[in-house]
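Colleague: sequence first, predicted coordinates after that:
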Amino acid sequence: MSTAPLLTVAGISKSFRGLRAVDQASLTVPQGGIVSLIGPNGAGKTTCFNMIAGVFRPDEGSISFAGKNIGGLRPDQICHAGIGRTFQIVKPFKDLTALENVIVGALRTERSTRAAKKKAEGVLDQLGMLDKRDQPAGQLTLPERKRLEVARALATDPKLLLLDEVMAGLRPTETDQMVTVFRELNRKQGLTILLIEHVMRAVMALSQHVVVLHHGQVIADGAPEQVVRDPSVLECYLGEEADI
Amino acid sequence: MIARLIEGVPRRALILLGLLLVALLAAPLLVGDYGLSVLILVLYFAYTGQAWNVMMGFAGQLSLGHSLYVGLAAYTAAALYVHFGIGPWLGVWIAIVISMAAGLVIGFLAFRFGIGGVYFALLTIAFAEFTRVGFDHFTWVNGSGGFFLPVAQYSVNDALNLRGSPTMFYYILLAITALAFVFCRWLLTGRIGYYWLAIREEPEAAQTLGINVFRYKMIAVAISAGMTALSGVFFAFYYNNLFPEQIFSMNRSIELILGPIIGGVGSLFGPILGAFVLTALAEVLNDVMVALGYELPGIKLVFYGLCLLAVVMYLPNGIWPPLRKWLGLGERL
Ligand SMILES: Nc1ncnc2c1ncn2[C@@H]1O[C@H](COP(=O)(O)OP(=O)(O)O)[C@@H](O)[C@H]1O
Ligand SMILES: [Mg+2]
């Protein structure tokens, strides 16, 4: 695995009406790596994703991807640059079937709807959802919708995948299945992953590197085993929730 | 391309559509003058509803000002014919361009500045209204006094100049409606259709999947306005008189979206079914009342209101989707 950074986030900040949701956060994701972004609720994790994915323009700082500055691009341009993302609060196309949802993603690279359909079927299969292909997305369970988010993003052929709490609400066996899927994508297709996750079982199993955000600031950054023993990390989770 | 059009459509659906087409082709031989005039109205609303549905049903953009595109196109084609002798088959292209341009201006203003939903709908009404006021004072087309086409003798059909019998108008309209149906099916099953539905369902997610939301909304408006322009040209040459007060009125905009709403917004056959149910049944009801000796001029509007109420209460997706399911005709028709 090469270690040249695929994504470099340098000192980005974002305020909402005076509230500093993200405060000069920096992180890098190496090519082919898996990095986790953790932190208590409201720490600013999703806001970081939204800046990387082009939803918000950072108030300051810079974001570069594959050597190019991508700050200020629109979300669709970010997608074409090679970054896929899922939404923490899922946004399925409810009236479309699961397969049609994924076809929309596959059309980014495929030229015909027929080819896109074929590819979408492959992606659904990869995520163990092929049996749900003809169900309207609005009728899927929450864990299924989360998987659909992943499938849709994967279908766009990203180089970097941003996953926002896709394991939340999954049973441990389901979590392990997802972990296996991401490991395989990472190993076989060289997919680079940046994930926001509360489920420490997944974080520990997947990531080579963990970044901890608290009140918008990066308070720890290192190997998973090292970060979870960091006193300042333990402290920020006290009184929040005991799932670390 | 043909394969894509009928892929996933059950054979039964194709047979039913074929039968309907045959019935409509034979209809002028079976119904009288009055029946034909009702059928023309049905097809007019079916086609215009289909055009509106591209914007609302497919791309999720609510327009309550489609009378703007009807009116602009009607006046364009009529004025070109009366003032310069340019026939409707040429004039229609200019009318399409003008209606599309109007749609694109509205779309640009709305979508660039993030005006959506109800505010977008209000903007479409506003444009139709001030265009109406503008045409009231547009002396080149006789302002509020109305603009008239020379009325032709019905003995000779001059299809090139759209002068002739109701039967000729009926067949032209039937061809346009059938082509529009196929065209919409083609749009819906292609990349653009997937993109529109994605934008309608979740614009943010759509954009994240690489879709240029602004561009595809603009395309939806342009196609919808362009298709609606044909209705306007037809209107001008069929009725031969145009009044800004009528053609640009909000009533007209509402009238033409009742069909798709009652039939089923977003479906392909809904606008056609809705137009049949509304127009044909309202006429039948009217006749029955007259036959029974009641002259009730407002009965049609009451009927429209009751239909709308019933559909909104019991069939929020319109009458076609449940019927389609019951007939086993698949999901995307
Ligand atoms: N669009 C927004 N408008 C206003 N405040 C927001 C918005 N998005 C997030 N915030 C605020 O920013 C802070 C960080 O939120 P978020 O990034 O969602 O945290 P996390 O994902 O770590 O739980 C929270 O206080 C949240 O209320
Ligand atoms: Mg979050």
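Modeller: Perfect, thanks for sending it. Numbering: from 1, shown residues only, chains lettered A, B, ... in the order given. Ligands and ions are numbered 1, 2, ... in the order given.

Colleague: for the rest of this, base every contact and every neighbour count on C-alpha atoms.
Modeller: Noted.

Colleague: for chain B, what lies in contact range of chain A?
Modeller: B:189-191, B:194-195, B:197-198, B:201-202, B:205-212 (C-alpha under 8 Å from any C-alpha of the partner chain).

Colleague: so which of those are in helices?
Modeller: B:189, B:191, B:194-195, B:197-198, B:201, B:205-208 (DSSP state H).

Colleague: helices along chain A, start to end?
Modeller: Per DSSP H, chain A carries helices over the ranges A:45-52, A:75-81, A:98-106, A:113-126, A:142-155, A:172-189, A:200-206, A:224-228, A:231-237.

Colleague: identify each buried residue in the shortest one, please.
Modeller: Of all the residues in helix A:224-228, those buried under the rule 16 or more other C-alpha atoms under 10 Å in any protein chain shown are A:224, A:227-228.

Colleague: which among those residues gets closest to chain B?
Modeller: The closest of the buried residues of helix A:224-228 to chain B turns out to be A:Pro224 (C-alpha to the nearest C-alpha; 29.7 Å).

Colleague: so what's that closest one up against?
Modeller: Contacts for A:Pro224 (C-alpha atoms under 8 Å, 6 or more residues apart in numbering or on different chains) come out as A:203-204, A:207-210.

Colleague: give me the pLDDT value at it.
Modeller: In the predicted model, A:Pro224 carries a pLDDT score of 90.

Colleague: and if you look at A:Gly239?
Modeller: 54.

Colleague: likewise B:Val9?
Modeller: You'll see B:Val9 listed with a pLDDT of 84.

Colleague: low-confidence ranges in the chain?
Modeller: By default, I'm working from chain A. Residues of chain A meeting the criterion pLDDT under 70: A:1-3, A:238-244.

Colleague: ah, no, chain B please
Modeller: For chain B, the ranges with pLDDT under 70 are B:1, B:152-155.

Colleague: if we go to 80?
Modeller: Along chain B, the parts satisfying pLDDT under 80 run over B:1-3, B:151-162, B:286, B:294-301, B:330-332.

Colleague: next, name the residue at the spatial heart of chain A.
Modeller: A:Leu163 (1.7 Å; C-alpha atoms, centre = their mean).

Colleague: residues touching residue 234, list them.
Modeller: If you meant another chain, say so; for now it's chain A. Contacts of A:Leu234 by C-alpha under 8 Å, 6+ apart are A:Val228.

Colleague: was after chain B, sorry
Modeller: B:Ala74 are the contacts of B:Phe234 under C-alpha under 8 Å, 6+ apart.

Colleague: tell me which element it falls in.
Modeller: Assigned by DSSP states H and E, B:Phe234 belongs to helix B:213-239.

Colleague: picking up where we left off before, just say which of the helices of chain A is most tucked in.
Modeller: helix A:98-106 (a mean of 29; mean count of other C-alpha atoms under 10 Å in any protein chain shown).

Colleague: what's it packed up against?
Modeller: Here helix A:98-106 touches helix A:113-126, helix A:142-155, helix B:191-201, going by 3 or more C-alpha pairs under 8 Å, 6 or more residues apart in numbering or on different chains; DSSP states H and E.

Colleague: so A:Ala98 makes contact with A:Asp131?
Modeller: No - assessed by C-alpha atoms under 8 Å, A:Ala98 is found out of contact with A:Asp131, at 9.7 Å.

Colleague: count of residues packed around residue 93?
Modeller: With no chain named, the answer covers chain A. 24 (other C-alpha atoms under 10 Å in any protein chain shown).

Colleague: please go with chain B instead
Modeller: For B:Trp93, using other C-alpha under 10 Å, the count is 18.

Colleague: A:Gly61 too?
Modeller: 17.

Colleague: how about it, what does it touch?
Modeller: Contacts of A:Gly61 by C-alpha under 8 Å, 6+ apart are A:9-13, A:24.

Colleague: which of those lies closest to B:Ala13?
Modeller: A:Val9 (54.6 Å; C-alpha to C-alpha).

Colleague: gap between A:Gly61 and A:Val9?
Modeller: Distance of A:Gly61 to A:Val9, computed by C-alpha to C-alpha, to the nearest Å: 8 Å.

Colleague: and A:Ile34, by the same measure?
Modeller: A:Ile34 is 15 Å from A:Val9, by C-alpha to C-alpha.

Colleague: likewise for A:Gln24?
Modeller: For A:Gln24 relative to A:Val9 (C-alpha to C-alpha), the value is 10 Å.

Colleague: do the same with B:Ile199
Modeller: Separation of B:Ile199 from A:Val9 (C-alpha to C-alpha): 30 Å.

Colleague: okay, these two: which has more neighbours?
Modeller: B:Ile199 (25 against 20).

Colleague: list the contacts for the residue nearest to the more buried one when sequence neighbours are not counted?
Modeller: Residue nearest to B:Ile199 in three dimensions, not counting chain neighbours: B:Ala206, with 5.6 Å by C-alpha to C-alpha, 6 or more residues apart in numbering or on different chains. Neighbour list for B:Ala206: A:104, B:195, B:198-199, B:213 [criterion: C-alpha under 8 Å, 6+ apart].
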